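**Q** Sharing a model that was predicted from the sequence below.
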Amino acid sequence: MGATEKRRRIEPLHVGFVLKEILHDYEITQSALAKHLNIDYVKINEICNEKRNLSTDMAMKLGKAFEALDLTYSFWMGIQKDYEQNLELYKNSEVYEKIEPIVVSG
């Protein structure tokens with residue numbers, strides 16, 4: 001790709017998209033998951049609709065709930081961390097591209 005060509009920008013993957021797909025694949029409703037976790041349905045719905053990010057607390061709960069599928073706390077937090085990092089790069093890539101590395105002499 002030439003220096004003047006723009007890279008195609010792909011929006012970061014939100015954890016809600018992943019959760020929604022898992023729920024669909026295993027035929028679990030958002031309401032059923034909320035009840036299982038003893039939390040308000042709105043929290044699950046907002047995550048699935050990408051209106052709420054994943055808190056550490058929610059990642060712990062999802063990790064326990066989906067333990068049998070090996071979807072651990074680390075799995076959920078990894079998706080959230082990657083989303084936040086990629087979102088920042090997506091929004092501000094021009095800013096970061098202008099920063100030159102510091103050259104140090106050994």
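**A** Received it, and whenever you're ready, just let me know what you need.
**Q** quick one: the helices in this structure?
**A** Listed in chain order, the helices of the chain (DSSP state H) span 15-25, 30-37, 41-48, 56-65, 73-97.
**Q** Show me which residues of the worst-scoring helix or strand of the chain on mean pLDDT are buried.
**A** Taking mean pLDDT, DSSP states H and E as the measure, the helix or strand of the chain with the lowest value is helix 73-97, at a mean of 93. Residues of helix 73-97 classed as buried under the neighbour-count rule (16 or more other CB atoms under 10 Å) are 73, 75-77, 79-80, 83. Where C-beta positions appear, they are placed from N, C-alpha and C, glycine not excepted.
**Q** How about stretch 20-32?
**A** Neighbour-count burial for stretch 20-32, counted by 16+ other CB under 10 Å, picks out 20, 23, 30.
**Q** Now render the residues you listed as a markdown table, adding pLDDT and distance to Ala59.
**A** Shown next, in a markdown table, are the buried residues of stretch 20-32 (pLDDT from 0 to 100; distance: CB to CB, whole Å):
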| residue | pLDDT | distance to Ala59 |
| --- | --- | --- |
| Lys20 | 98 | 16 |
| Leu23 | 98 | 16 |
| Gln30 | 98 | 17 |
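**Q** wait, which of the helices of the chain is closest to Val104?
**A** helix 73-97 (19.9 Å; CB to CB).
**Q** Below-threshold pLDDT in the protein: ranges please.
**A** Within the chain, the stretches with pLDDT under 70 are 1-10.
**Q** mind redoing it with 80?
**A** By pLDDT under 80, the low-scoring segments of the chain are 1-11, 106.
**Q** how close does Cys48 sit to Lys81?
**A** Computed with CB to CB, to the nearest Å, the distance linking Cys48 and Lys81 is 19 Å.
**Q** ah, wrong one, I meant Leu37
**A** Note on Leu37: its distance to Lys81, by CB to CB, is 21 Å.
**Q** Kindly report the same for Leu33.
**A** Between Leu33 and Lys81 the computed distance is 22 Å (CB to CB).
**Q** swap in Leu87?
**A** According to CB to CB, Leu87 stands 11 Å off from Lys81.
**Q** okay, and the common contacts of these two?
**A** Common neighbours of Leu87 and Lys81, counting by CB atoms under 8 Å, 6 or more residues apart in numbering, are absent.
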